[in-house]
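**Q** fold the following and give me the result.
(3 chains)
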Amino acid sequence: MRSSRDFEHVYAQKLKGADGVLLLFLAKNSVDVTRIGLSVSKKHGGAVERNRLKRWLREAFRMERHAFPGGLDLIAIPLAAGRASLPAFRQSLVGLVRRLSRRLNQAPPEPLS
RNA sequence: GGAGUGGGCUGGGCGAUCGCGGUGAGGCUGACUUGUUCAGCCUUGCGGAGGAAAGUCCGGGCUUCACAGGACGCGGUGGUGGGUAACGCCCACCGUUCGCAAGAACCGGGACAGUGCCACAGAAAGUAAACCGCCGAUCGUUGCGUGCGCCCGCAAGGGAAAGCUGCAACGAGGUAAGGGUGAAACGGUGCGGUAAGAGCGCACCAGCGGGCCGGGUGACCGGUUCGGCUCGGCAAACCCCACCGGAAGCAAGACCAAGCAGGGCGAAGUUCGUGAUACUGGAAACAGGAUCACGGCGCGAGGCGGUCCGUCUCGUCACUCGUCCGGGUAGGUUGCUUGAGCCGACGAGCAAUCGUCGGCCUAGAGAAAUGGUCGCCCACGACAGAACCCGGCUUACAGGUCCACUCCGCAU
RNA sequence: CGCGGGGUGGAGCAGCCCGGUAGCUCGCGAGGCUCAUAACCUCGAGGUCGUAGGUUCAAAUCCUGCCCCCGCCA
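**A** As a prediction, the model looks like this:
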């Protein structure tokens, strides 16, 4: 995701979940493709450190996206810098998407705004 | 061989494969304004972070701002010469300090233009003075004394204090050698000199200033002579001197699209000039007032980052301008990488650097591209990620490697 | 990206311009007052002045580098 409007939309749905590794927001979007947005704060370190976290997250999304349902927008925010690694991100991403998409389907259809 | 000084280069490598952002070619699909068009997808080729990309501390380019003038103010720099687009940077040299040396460090102009500060202690913290002390030659007062003189006496001797001399005390006065304080105290040593002393005089030494001679573009250096003998520190205190500085910054700026709601406050004109238009009077020349445009003067607002002068722009009665509050947008294109560029050779120069010739094109994103897996090698990989672009400075950093030089030891 | 402001006892702030003594309020500790607590009174402890250098006889204060925090600009 690239536009600020998409990010605002996902945050506004307030459908979020976390384990010790990631904080994930999730929402339905208007296109069929499942997309991801990243947000890494300055407390994780300098530019090199933050770039590494974003690359790991993008790689984890690339490897697991075939298993995700279509038409979703995700925002991934890493939490504990000490536990960050590519396998941890993969595992955490799969688990959180499964949990949140189940909640999305149980929830009543969102009112047209 | 050991110890050390100064500087340069480098910043894991090779390969396979799946991906990421850029770009070129080919193909497919769609759109319309049909073409060297735009958008999406597929295939394929090419290239894809740093020496500091960092901190944002200086200097420029570039862009915009109603061309930027003068005086004052404000800020910066500070040995000399050179380099440069420019600099607070670099090079060479000078001076001071440190080091046996190679070398290193230095915000390194001015304290006889002025003002100010120097706590505590100390007599005194700055051009003069004098607390303890020393002296008391000279002048004065007092005391002692009896050498001269004076008085008594023939004499031995005795007496007195008006004079001279001697001694002592005090005062006027002289002095800055010594004392002690302090971060810092008015040159040091010796001899002479004196009442005591003192650059008061002399010799040597240290320092300051002036003249002259020589060397150097210059900072400055060397020599010589004279002077008064000798005038503390702080300008990273105010300041003085010399030189420099318009401001803001790619979130600058340009274009396109989309979207919104207005409101408050303020504004001085004119008996002025020129031109045009129609009207009135007149046969005409022309005259009269009216409206409009431009200009002048005045007024208002704004710019020239502060003030004044000066100057420029806009407005001047209103569908205008200025200012304040409020409201809307957060999309796209461009700026965007060919540049004080990089590499090599030759030449000028001690060097920084410059010139000529030849070759090369080397990231361009925008929620922001370098990662995953596997194999091999070794010293097992530090600090760290472009965001308009350059030149520096500063700071961080595992290692590897090269060059020049110094000192010590041994051998020849 | 650009530009401002600030780091002083446990907390919030003075002192810095113009250099020599680090001060105020709250809090903390001890004692007093009270039957007891609070309030009140008396006394006391507690500060590498963010950090590293420099200027100076002397630096929280002046100058330079670095670190951290806060704020503003589309």
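**Q** pull the contacting residues for residue A:58.
**A** A:36, A:38 (C-beta atoms under 8 Å, 6 or more residues apart in numbering). Bear in mind the C-beta positions are built from the backbone N, C-alpha and C, glycine included.
**Q** helix, strand or coil for it?
**A** helix (DSSP: H, G, I helix; E, B strand; the rest coil).
**Q** and the one 4 residues further on, by the same measure?
**A** Using three-state DSSP, the secondary structure recorded for residue A:62 is helix.
**Q** so which elements touch whichever helix in chain A runs longest?
**A** Scanning chain A for the longest helix, with DSSP state H as the assignment, gives helix A:86-106. Helix A:86-106 is packed against strand A:16-18, strand A:22-28, helix A:47-64, strand A:72-78, with contacts defined by 3 or more C-beta pairs under 8 Å, 6 or more residues apart in numbering; DSSP states H and E.
**Q** out of the ones you listed, which one sits most buried?
**A** Neighbour counts (mean count of other C-beta atoms under 10 Å) averaged over each of the helices and strands packed on helix A:86-106 peak at strand A:72-78, with a mean of 22.
**Q** mind checking how far that one is from the chain centre?
**A** 2 Å (C-alpha atoms, centre = their mean, to the nearest Å).
**Q** how about stretch A:8-22?
**A** Distance, stretch centre to chain centre, for stretch A:8-22: 7 Å (C-alpha atoms, centre = their mean).
**Q** I'm done for today, thanks for sticking with me.
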